[in-house]
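Peer 1: Need a 3D model of the following:
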Amino acid sequence: MEPIFIMNQDQAAILDTVKRFVKEEVTPRAAKLDADPDPAKCYSFEIVEKANEVGIRTMTLSEKYGGLGTDSLTTSMVIEELAKGDLGVSVIFAQTLKIAQIMEKALNEEQRARVLPEFAADPQGMLGIGITEPDNASNYFLPHPTPFRTTAEKTKGGWIVNGMKHFISNGNRASFYLLFVQTEKGKPLAEGSTCFLLERGRPGFTIGRVHDKMGERLANNAELIFQDCFIPDENVVGVPGKGFGVLAEFFPQSNGYAAASIIGVAGALYEKAVGWAKLRVQGGKPIIEHDGIRAQLAEMRMLMDASRSYIHRACWLADHQEHGWDKTLGTLPKAMASQAAWKIATWTLEIHGGHGYMKEFGVEKLVRDAAAFLHSDGVNRTLFLKAANFIFND
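Peer 2: Numbering: from 1, shown residues only. As a prediction, the model looks like this:
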């Protein structure tokens, strides 16, 4: 078994493909898409289709379903590389790659046969997951004895769903979703919710507004609205009332993927900081020759490398839990990476001086993007508390 800190030939070949894709398809489009005032129009079907052509969109599916069967470590490397081109592009694929992995493991054979070939065959096919509600977000990470507001009543042959989810990545773009709904009254969401497989276009299911975000704009987040939406029994994933069991069992790498996205933004910021420090002359010499700037760049490098090592360890152990997985690896890498990225963002802005504040230099966009994961995939303070509970309650 190869050490996780040594890249193997397969990983190197995949990353070469991703780097070319980012250079040719993402970087030339990102700034213009980000600047569109209509949040729905920031999304690029062209980027998705080009990613499909080179195998990125479906790479976590097994070869049986047309994918490459990439493991979680390799997938985290791909997600980071995508984020160097644009955070939103990284997020739409991170969600899809993660949920495809989960679906192949969590769906039963009939559900897999019904969904995965159709998803794989659609060059624009994306995936989403419906958990967050206006009243329930951190309650998912730190389960509080309250129910989901989105509820389902049992009826003949299935369930009638009513309610709303919001902030859902790929919400208005996905063709299939995993949806978490309260199915047992009087129980908290961690004990009485059910995971459903949801198809786009099901009667009673509509898309609400697309959220207008500060950054990460090439990813669409939207509301999912349910008005007497019938979901049949054959769409229950796992066991009714045990939805959180699906999360606990099949989501170990989710935090690592989020961390990979934001550390990719940090990498893009670092490259801009180094490039500008070599170019900008102050005090008679390039500012990279000033000790303060030079040392700060080294500290940026340290923060990125340490965060990446943590991510790689978490993602490798997510697939090999018998070698020392512990639950803090499902909470802390994203918190560490997002804090590192935010520090690198503010330092890069300072190194650029007034030029960094002007949109044409591209730093401003990266700073907006860097802010996204201080909360996305769990507010950091919540994740620290969740990790503390894992450590001290055990």
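Peer 1: CA atoms of the helix or strand of the chain with the lowest mean pLDDT as CSV?
Peer 2: Lowest on mean pLDDT, DSSP states H and E among the helices and strands of the chain sits helix 138-141, with a mean of 78. Output in CSV follows, covering the C-alpha atoms of helix 138-141 (Å, rounded to 0.1, in the frame of the first residue of the first chain):
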residue,chain,number,x,y,z
SER,A,138,-26.1,23.7,12.3
ASN,A,139,-28.8,21.5,13.9
TYR,A,140,-27.6,18.9,11.4
PHE,A,141,-24.0,19.1,12.6
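Peer 1: tell me what that helix is packed against?
Peer 2: On a contact count with 3 or more C-beta pairs under 8 Å, 6 or more residues apart in numbering; DSSP states H and E, helix 138-141 meets helix 380-393. C-betas here are computed from N, CA, C, even on glycine.
Peer 1: all helices in the stretch 51-200 of the chain, in order from the N-terminus.
Peer 2: Using DSSP state H, counting those that start in this stretch, the helices of the stretch 51-200 of the chain run over 72-85, 87-106, 109-121, 138-141, 189-192.
Peer 1: Now the longest one: average pLDDT?
Peer 2: By that I understand helix 87-106. What helix 87-106 shows for mean pLDDT is 97.
Peer 1: about what we covered before: now what about the least confident helix or strand of the chain, what contacts it?
Peer 2: The contact list for helix 138-141 (C-beta atoms under 8 Å, 6 or more residues apart in numbering) reads Ile131, Thr132, Thr146, Leu189, Leu247, Thr331, Gly378, Val379, Thr382, Leu383, Lys386.
Peer 1: List the contacts of the fifth one.
Peer 2: If you count contacts by C-beta under 8 Å, 6+ apart, Leu247 has them with Tyr140, Phe180, Cys195.
Peer 1: One more pass at 7 Å, please.
Peer 2: The contact partners of Leu247, by C-beta atoms under 7 Å, 6 or more residues apart in numbering, come to none.
Peer 1: For the host helix or strand of it, buried residues please.
Peer 2: Leu247 is part of helix 243-250, with elements assigned from DSSP states H and E. If you call a residue buried by 16 or more other C-beta atoms under 10 Å, then helix 243-250 has these buried ones: Gly243, Phe244, Gly245, Val246, Leu247, Phe250.
Peer 1: CA atoms only for that helix - export them in CSV, please.
Peer 2: Coordinates of each C-alpha in helix 243-250 appear next as CSV, following Å, rounded to 0.1, in the frame of the first residue of the first chain:
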residue,chain,number,x,y,z
GLY,A,243,-32.0,9.0,7.6
PHE,A,244,-29.2,10.1,9.8
GLY,A,245,-27.8,6.6,9.7
VAL,A,246,-27.2,7.2,6.0
LEU,A,247,-25.3,10.4,6.8
ALA,A,248,-23.2,8.8,9.4
GLU,A,249,-22.3,5.8,7.4
PHE,A,250,-21.8,7.2,3.9
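Peer 1: what comes into contact with stretch 319-333?
Peer 2: Under the contact criterion C-beta under 7 Å, 6+ apart, stretch 319-333 has outside partners 71-72, 252, 255-256, 259, 310-311, 314, 317-318, 383, 386-387, 390-391.
Peer 1: swap that for stretch 370-385, please
Peer 2: If you take C-beta under 7 Å, 6+ apart as the criterion, stretch 370-385 is touched by 87, 138, 141-142, 214-216, 254-255, 258, 261-262, 265, 269, 331-332, 334-335, 338-339, 341-342, 345.
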